[in-house]
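Chemist: Attaching a predicted model along with its sequence, questions to come.
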Amino acid sequence: MLEWSSAVADAPGFVLVHKMTELPSLVNKGPPKVSFVAPTSTRWFVRGAFALALVAAVSWLGYAVTFRRGLDHLHAAAQQRLAVEAARLDGHLSRFEYLPSLLETSPDVFRLLGAPNDPALQQTVSLYLKSINLLAGADNLYVLGVSGATLAAADFDQPGTPFGENLSYRPYVSEALASGRGAFYGVGITTARAGYYLSYALKDGGTTKGVATVKVNLDSFERAWRNTENDILLVDERKVTILASRDEWRYRPVAPLSAQTRDDIARSKPYGNHDLAPLGWAFVVQSGSGAARITTENGTAYTVSERPINRGLWKLVLLDDEAPTRQTALIIGVISGLASIVALLALGLVEQRRRGIKQRLANQAALQSANDMLEIRVQERTAELRAAQDDLVHAGKLAALGQMSAGIVHELNQPLAALQTAADNAILLVDRGSVGDARGNLTRIGELVRRLGRLTGQLRVFAYKSSSPLAAVSVEHAVAESLKILAARVKEGGVAVVSDIDADLSVVADQTRLEQLLCNIVANALDAVESVERKAILIRATRDEGQAERCRIAISNSGPAISSDVLQRMFEPFVTTKPAGKGLGLGLMLSNHIARTFGGELRARNLPSGAEFVVILPLADITEAASHG
């Protein structure tokens with residue numbers, strides 16, 4: 001009752017096909033007909049060889065494409081991770097860059113440098129360094145003479161202290177004496193603990209009197225890396241690993257060191273007593289994404305991604321194990337091969353049916369329909385996979401944006417508050433019909449937006465020296481901009497602020513840093529008048545009567561007087577009268593530092609009612625002021 005089309009059973013490609021749709025028409029046709037097709041041996045051999053080659057090619061192509069894309073995805077994810085880790089490391093290092101230079105503000109330090117053998121001064125300065133280091137959180141802080149002898153140290157009373165040791169052979173000492181600053185990573189000679197050393201030449205009257213050094217501990221990063229699924233290395237300028245997520249990789253060069261490099265290491269002793277055996281990795285440059293690939297001594301293959309940090313001196317390296325990606329690629333390769341076999345079988349089946357059963361158009365339509373359905377499902381699945389991939393990429397971007405926003409919000413808080421106040425006032429003025437006043441508020445909003453732009457360029461002003469050249473800056477404009485930033489605090493505290501600025505008064509300064517200096521002093525004045533009944537602040541700016549080429553900006557407040565002992569040390573670091581948690585005592589010290597970089601100075605004194613801070617700055621030339629106006 002069924003119609004069969006078959007090839008000889010013992011020949012290659014034996015196929016049986018029946019067609020149920022023709023059953024009604026075959027009821028009265030008698031027994032089924034059987035036909036025989038006997039292809040030649042050569043033809044089947046050629047077809048079989050071609051099919052095997054095609055399956056192998058498709059399997060290899062599926063494996064190669066999947067493996068390459070997997071490596072590209074690993075590299076992209078690694079770059080995002082490296083960006084986060086590099087920002088954390090650079091931020092941690094930059095926190096302590098200014099700490100050694102703060103010691104220039106201590107008279108006791110220079111007295112010790114003048115009398116290095118005075119035990120009492122050594123004790124006094126060591127205790128001072130210990131108190132600063134407790135607040136700063138560095139590993140150690142110490143002072144050396146120009147001979148390299150350690151005269152005072154924060155850990156003077158601890159075992160392994162460098163106090164009394166001569167460290168002149170250390171590169172950071174010679175660099176600071178030669179160029180004013182130095183930096184060095186190495187294992188401590190007395191403590192055997194590694195750290196990053198930042199040094200600063202202490203000068204008096206242009207003559208170097210000694211060197212201040214802070215040691216920064218980076219062990220916390222290494223401990224955190226051990227808990228991640230990737231391996232992370234930090235490689236220094238000699239291509240030696242100084243931090244590693246695996247202990248066996250630490251203090252080992254990526255490639256054999258030259259004789260000159262080994263001589264330099266023997267002199268400066270950055271790695272202690274480690275033998276510096278090379279890692280013995282085999283490197284292979286990977287095209288496409290640009291990432292390199294390595295094979296370790298035990299045969300493990302990694303994809304290498306790196307990012308320069310610490311002004312390009314070091315490289316942060318992330319290693320991704322290729323085994324999971326290779327396994328996935330192998331599975332895809334096998335699936336591709338199986339799919340090609342299915343496709344070849346389907347193609348052979350279609351060809352066999354086309355030749356042997358030309359009358360079965362209905363079955364061909366059904367096969368076409370099934371093939372179309374399979375293609376649709378493949379397209380739908382591909383679309384789902386792409387959507388899932390896009391969601392993962394989007395989630396990664398959101399996570400990175402979340403980490404970035406936490407730091408930026410703090411810096412922009414006050415300008416945003418001022419923007420809110422100006423916007424609310426503009427709405428009230430429009431409702432009242434005061435279009436002219438509303439226009440003024442909108443103009444102010446525009447100025448605040450420009451101020452926000454300048455702020456984003458100065459977010460790291462305390463971590464790096466500004467390279468902006470000094471120019472003529474309008475005092476009236478700088479005071480006005482500072483008060484706009486603090487407008488919300490002034491209004492909330494009910495403080496009466498009066499400004500009396502001479503016309504056409506300009507100084508030689510940097511716009512943003514001058515506004516920062518004024519903001520610091522006015523903010524301190526706002527803090528001072530919080531607890532008094534009459535809250536008033538007066539800002540006067542005039543030409544200094546005693547010095548014709550100087551400008552005098554006096555900011556007085558009606559708060560309580562400053563105690564005499566605090567007044568004498570007002571501009572030293574970590575001196576503050578604020579309660580714990582409200583300030584570290586660095587604002588006025590940094591303001592004084594800014595004034596000095598402008599060629600001026602900052603003074604403080606008590607008034608019969610309140611206190612006054614005076615900023616003395618050089619006046620700008622009238623022609624220069626006009627050209628910058």
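Modeler: Thanks, I have the structure now.

Chemist: Quick check: nearest residue in space to Q79, chain neighbours excluded?
Modeler: S305 (5.9 Å; CB to CB, 6 or more residues apart in numbering). From N, CA and C alone the C-beta is placed, and that goes for glycine too.

Chemist: Please report how far the one you found lies from Q80.
Modeler: S305 is 10 Å from Q80, where distance means CB to CB, to the nearest Å.

Chemist: G70 now?
Modeler: From G70 to Q80 the distance is 16 Å (CB to CB).

Chemist: Look at the two and report which has more neighbours.
Modeler: Neighbour totals were compared for G70 and Q80, and G70 leads with 20 against 15 (other CB atoms under 10 Å).

Chemist: Enumerate every residue touching the more buried one.
Modeler: Listed by CB atoms under 8 Å, 6 or more residues apart in numbering, the contact set of G70 reads T325, T328, A329.

Chemist: at 10 Å instead, please
Modeler: T303, D320, E322, P324, T325, R326, Q327, T328, A329, I332 (CB atoms under 10 Å, 6 or more residues apart in numbering).

Chemist: Select from the residues you listed the one having the most neighbours.
Modeler: Most neighbours among the contacts of G70, by other CB under 10 Å: D320, with 25 neighbours.

Chemist: ok, which stretches of the stretch 1-150 of the chain are helices?
Modeler: Using DSSP state H, counting those that start in this stretch, the helices of the stretch 1-150 of the chain run over 41-94, 107-114, 119-136.

Chemist: need the ones you listed in a markdown table with distance to E572, can you?
Modeler: Converted to a markdown table, the helices of the stretch 1-150 of the chain look like this (distance: least, CB to CB, whole Å):
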| stretch | distance to E572 |
| --- | --- |
| helix 41-94 | 22 |
| helix 107-114 | 9 |
| helix 119-136 | 10 |
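
Chemist: what number of residues lie near the closest residue to R262 other than its chain neighbours?
Modeler: Take R262 and drop its neighbours on the chain: the residue closest to it by CB to CB, 6+ apart is L276, 7.7 Å away. By the criterion of other CB under 10 Å, L276 has 15 neighbours.

Chemist: Let me see the contact set for L276.
Modeler: R238, V240, Y251, R252, P253, P256, L257, T261, R262, I265.

Chemist: That one belongs to a strand?
Modeler: No: per DSSP: H, G, I helix; E, B strand; the rest coil, L276 lies outside any strand segment and is coil.

Chemist: Need the pLDDT of it.
Modeler: The per-residue pLDDT reported for L276 equals 86.

Chemist: which residues in the stretch 251-400 of the chain form helices?
Modeler: Under DSSP H, counting those that start in this stretch, the stretch 251-400 of the chain gives helices at 259-268, 323-356, 361-432.

Chemist: Among those, show me which one is buried the most.
Modeler: helix 323-356 (a mean of 15; mean count of other CB atoms under 10 Å).

Chemist: Off-centre distance for it?
Modeler: Relative to its chain's centre, helix 323-356 lies at 46 Å (CA atoms, centre = their mean, to the nearest Å).

Chemist: now it against helix 41-94, angle please.
Modeler: 150 degrees (axes from the mean of the first three to the mean of the last three CA atoms, to 10 degrees).

Chemist: And the average pLDDT for helix 323-356 is what?
Modeler: Averaged across helix 323-356, pLDDT comes to 88.

Chemist: Quick one: distance of stretch 555-565 to the chain centre.
Modeler: 41 Å.

Chemist: Output the below-cut-off pLDDT ranges for this protein.
Modeler: 1-40, 285-291, 386, 388-414, 451, 453-467, 580-585, 622-629 (pLDDT under 70).

Chemist: what about the most centrally placed residue in the chain, distance to L234?
Modeler: Most central in the chain under CA atoms, centre = their mean is A87, positioned 2.1 Å from the mean C-alpha point. A87 sits 14 Å away from L234, taking CB to CB as the criterion.

Chemist: Provide a list of residues in contact with A611.
Modeler: 524-525, 528, 555-562, 567, 570, 604-605.

Chemist: I meant K209, not that one.
Modeler: The contact partners of K209, by CB under 10 Å, 6+ apart, come to 104, 109-110, 112-114, 116, 143, 145-146, 201-203.

Chemist: what inclination does the helix or strand it falls within have with respect to helix 119-136?
Modeler: Using DSSP states H and E, K209 maps to strand 207-216. Put simply, strand 207-216 runs at 40 degrees to helix 119-136, going by the same axes, to 10 degrees.

Chemist: Show me what counts as buried in strand 207-216.
Modeler: K209, G210, V211, A212, T213, V214, K215, V216 (16 or more other CB atoms under 10 Å).

Chemist: so the residue lying closest to the fifth one once chain neighbours are set aside is in which element?
Modeler: Beyond its immediate neighbours in the sequence, the residue positioned closest to T213 (CB to CB, 6+ apart) is S199, lying 4.5 Å away. Using DSSP H and E, S199 sits within strand 194-204.
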